[in-house]
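In: One predicted model, sequence on top.
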Amino acid sequence: MAAVSLSFSSSLTQHPFLPQDNVTTKHRVLHPTAASRVFRCAFASPVRKTSSSSPTPGSSSPKKRIWKEGEFPGISLPNRSKRTPIKNVKKTIDRKNNAKAWASTVTESLSDYIQKKQWLQALEVFEMLRKQPFYQPKEGTYMKLLVLLGKSGQPHRARHLFDTMVEEELEPTAELYTALLSAYCRSNLIDEAFEILNQMKTLPLCQPDVFTYSTLIKACVDNSHFELVQTLYNEMSERLITPNTVTQNIVLNGYGKAGKFDQMERVLSDMLENNTCRPDVWTMNTIISLFGNMGQIEMMENWYEKFRNFGIEPETRTFNILIGAYGKKRMYDKMSSVMEYMRKLQFPWTTSTYNNVIEAFSDVGDAKNMELTFDQMRSEGMKADTKTFCCLIKGYANAGLFHRVVSSVKLAGKLDIPENTSFYNAVISACTKAEDLMEMERVFKRMKEKQCQPNAVTYSLMVEAYRKEGMNDKIYDLEQEKQMTEV
């Protein structure tokens with residue numbers, strides 16, 4: 001036990017804050033129990049003296065230990081380390097939270113603009129986002145923007161965005177290349193789309209797949225380049241890429257629109273004999289839509305029954321096609337019967353359902369029933385889209401209610417309805433029917449300011465309006481402008 005006491009006393013004498021007098025002697029005469037008591041006290045916190053009570057020998061109040069086990073604290077020194085003031089910590093936390101909140105707000109704004117198909121605002125917000133220190137390029141963001149620009153008729157901006165993505169060292173994929181190719185296809189730039197296809201062939205990790213070829217085939221059939229369709233089919237066969245049902249449906253639609261019904265039936269027969277690309281409800285919708293748009297109601301109904309016999313069940317879009325076809329032929333009884341049948345089978349009425357009914361009344365200038373349908377649509381919580389307002393504007397113009405055209409345009413603005421080329425064409429058409437050429441020119445100017453590319457329908461409407469007034473100089477200027485945009 002003396003060894004324990006000696007070892008402990010030597011540790012005491014080495015401490016600079018304790019007196020050196022008689023320390024060793026004092027511990028040598030201690031009773032063994034006293035020595036053990038000193039050993040215990042050495043590892044306890046010092047007892048704080050108060051005026052009301054005095055400490056008893058061997059007792060200590062429990063305190064939080066601030067040293068490691070096995071170390072003797074000696075005299076506790078005041079903590080001299082500088083702590084960051086609480087208010088500064090709060091400022092740092094608030095600053096970080098504000099940065100996170102701002103980043104979240106910008107990201108939400110970008111998603112909102114993409115969802116609303118407002119491509120110009122989406123690009124502006126995206127550029128703002130790229131300048132931030134927390135920005136990390138993501139494939140999903142670029143994919144959404146490429147698809148949006150393609151649908152908005154902005155292939156060259158899509159190309160620039162794709163190049164920006166590559167500069168940011170984000171590895172392109174076959175899906176991203178296909179989205180870029182689709183942007184050119186939607187604008188009927190077939191040569192540029194084939195260039196992208198050839199570029200994909202040279203990249204081992206970006207080889208074209210069935211979706212790439214299907215997209216390009218659709219562009220070819222839409223532009224009646226059927227000789228290129230067979231070339232692409234042969235190329236797919238060489239690459240061991242099997243056309244799927246989507247590919248065949250695209251070709252079916254193209255042959256049908258071109259009036260090549262023999263080829264259409266041949267493709268359909270091949271689908272019935274092939275187990276890899278059997279006809280589906282999209283095939284059914286494609287065929288009945290073709291005959292419905294041509295006004296061949298009997299053929300449409302016959303094919304509908306044929307597909308039902310094949311075991312293919314209709315869906316909401318199938319019924320919407322039937323409603324649209326009956327509405328265009330003013331067969332309102334059959335149109336109502338289909339809508340009631342949808343209710344019976346618990347198929348929901350969608351925005352497209354209401355649009356087809358509104359369009360049926362719009363074509364004949366039946367403003368009253370058109371408004372009733374629109375009011376019912378809103379009362380049931382259906383969200384109107386661009387086509388809804390195109391039909392409303394057209395319907396009011398056909399009815400000669402041009403003040404309602406203005407109110408519809410204002411309502412579209414309040415509801416944040418995307419203003420695309422079709423929307424402006426509907427307004428320009430209304431202006432021509434009202435013989436208000438000055439307003440027509442203002443709408444045309446606003447259309448270009450909003451980066452909505454005028455198409456053949458736009459120029460045709462304006463040329464016809466100028467021709468009625470004998471404004472040949474205006475017609476010449478428009479034709480020159482059209483040629484410049486086509487370059």
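Out: Alright, I've got the coordinates. Numbers count the residues shown, from 1 in each chain.
In: how about Arg467, secondary structure?
Out: For Arg467, the assignment made with DSSP: H, G, I helix; E, B strand; the rest coil gives helix.
In: was I right about it contacting Asp473?
Out: No - look at Arg467 against Asp473 with CB atoms under 8 Å: they stay out of range, at 11.9 Å. No exception for glycine: its C-beta is placed from N, CA and C like everyone else's.
In: More neighbours: which of the two?
Out: Neighbour totals were compared for Arg467 and Asp473, and Arg467 leads with 12 against 9 (other CB atoms under 10 Å).
In: quick one: contacts for that one?
Out: By CB atoms under 8 Å, 6 or more residues apart in numbering, the residues touching Arg467 are Ile475.
In: ok, so what distance separates it from Ser269?
Out: Note on Arg467: its distance to Ser269, by CB to CB, to the nearest Å, is 48 Å.
In: next one: Tyr466
Out: The gap separating Tyr466 from Ser269 is 50 Å, by CB to CB.
In: again with Tyr213
Out: Distance, Tyr213 to Ser269, using CB to CB: 22 Å.
In: These two: who's more crowded?
Out: In this view Tyr213 and Ser269 are compared by other CB under 10 Å, and Tyr213 has more residues nearby, 22 against 10.
In: pretty sure that one is touching Thr242, no?
Out: No - contact criterion CB under 8 Å: Tyr213 and Thr242 do not qualify, at 10.4 Å.
In: Now list whatever residues contact both of the two.
Out: Common neighbours of Tyr213 and Thr242 (criterion: CB under 8 Å, 6+ apart): Met236.
In: Model confidence score at Ala122, please.
Out: Listed pLDDT for Ala122 reads 92.
In: An error on my part: the question was meant for Lys257.
Out: Listed pLDDT for Lys257 reads 87.
In: ok now do it, which residues does it touch?
Out: Counting by CB under 8 Å, 6+ apart, Lys257 touches Val221, Asp222, Leu290.
In: if we take those, which one ends up nearest to Tyr459?
Out: Nearest to Tyr459 among the contacts of Lys257 is Asp222, at 20.0 Å by CB to CB.
In: Tell me the spacing between the closest one and Leu232.
Out: 14 Å.
In: Mind checking which of those two has more residues around it?
Out: The residue with more neighbours, out of Asp222 and Leu232, is Leu232; 22 against 17, by other CB under 10 Å.
In: check contacts around that one.
Out: Contacts for Leu232 were tallied using CB under 8 Å, 6+ apart; they are Tyr213, Leu216, Ile217, Cys220.
In: Just the buried residues of the residues you listed.
Out: Burial by neighbour count, 16 or more other CB atoms under 10 Å: within the contacts of Leu232 this picks out Tyr213, Leu216, Ile217, Cys220.
In: quick one: which two of the contacts of Leu232 are the most distant?
Out: Every pair of the contacts of Leu232 checked by CB to CB; the farthest is Tyr213 and Cys220, at 10.2 Å.
In: Three-state assignment for Pro172, please.
Out: coil.
In: quick one: it from Thr202, how far?
Out: 12 Å.
In: rewinding a little: so which of the contacts of Lys257 would you say is closest to Leu461?
Out: The closest of those, once distances to Leu461 are taken by CB to CB, is Asp222, at 22.1 Å.
In: Give me the pLDDT for that closest one.
Out: pLDDT at Asp222 comes out at 90.
In: for stretch 371-378, which positions count as buried?
Out: Neighbour count says stretch 371-378 has Glu371, Thr373, Phe374, Met377 buried, by 16+ other CB under 10 Å.
In: for stretch 319-339, same thing?
Out: 319-328, 334-335, 338-339.
In: Pipe the contacts of Leu232 into CSV and attach distance to Met447 and secondary structure per row.
Out: Output for these, formatted as CSV (distance: CB to CB, whole Å; DSSP: H, G, I helix; E, B strand; the rest coil):
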residue, distance to Met447, secondary structure
Tyr213, 35, helix
Leu216, 30, helix
Ile217, 32, helix
Cys220, 29, helix
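In: Rebuild those residues as TSV, extending it with distance to Gly254.
Out: Formatted as TSV, the contacts of Leu232 follow (distance: CB to CB, whole Å):
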residue	distance to Gly254
Tyr213	14
Leu216	12
Ile217	8
Cys220	8
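In: Tell me the one of those residues nearest Arg186?
Out: Nearest member of the contacts of Leu232 to Arg186, counting by CB to CB, is Leu216, at 11.6 Å.
In: now the closest one: how far from Ser187?
Out: In terms of CB to CB, Leu216 sits 13 Å off from Ser187.
In: Helices of the stretch 151-300 of the chain, residue ranges please.
Out: For the stretch 151-300 of the chain, applying DSSP state H, counting those that start in this stretch gives helices covering 155-167, 174-186, 190-201, 210-222, 226-238, 245-257, 261-273, 281-293, 297-309.
In: contacting residues around stretch 320-332?
Out: Contacts to stretch 320-332, defined as CB under 8 Å, 6+ apart, come from residues 285, 288-289, 291-293, 295, 297, 300, 304, 334-335, 338-339, 350, 352-353, 356-357, 359-361, 363-364.
In: hang on, I meant stretch 263-273
Out: With CB under 8 Å, 6+ apart, stretch 263-273 has contacts from Thr245, Gln248, Val251, Leu252, Tyr255, Gly256, Cys277, Arg278, Pro279, Thr283, Ile287, Phe310.
In: one more time with 10 Å
Out: By CB atoms under 10 Å, 6 or more residues apart in numbering, the residues outside stretch 263-273 that reach it are 226, 243, 245, 248-249, 251-258, 260, 277-280, 283, 286-287, 290, 303, 306, 310.
In: With stretch 111-129 instead?
Out: Contact with stretch 111-129 is made by 103, 106-110, 135, 141-142, 144-145, 147-154, 157-158, 160-161, 164, 385-386, 416-420, 450-452, as judged by CB under 10 Å, 6+ apart.
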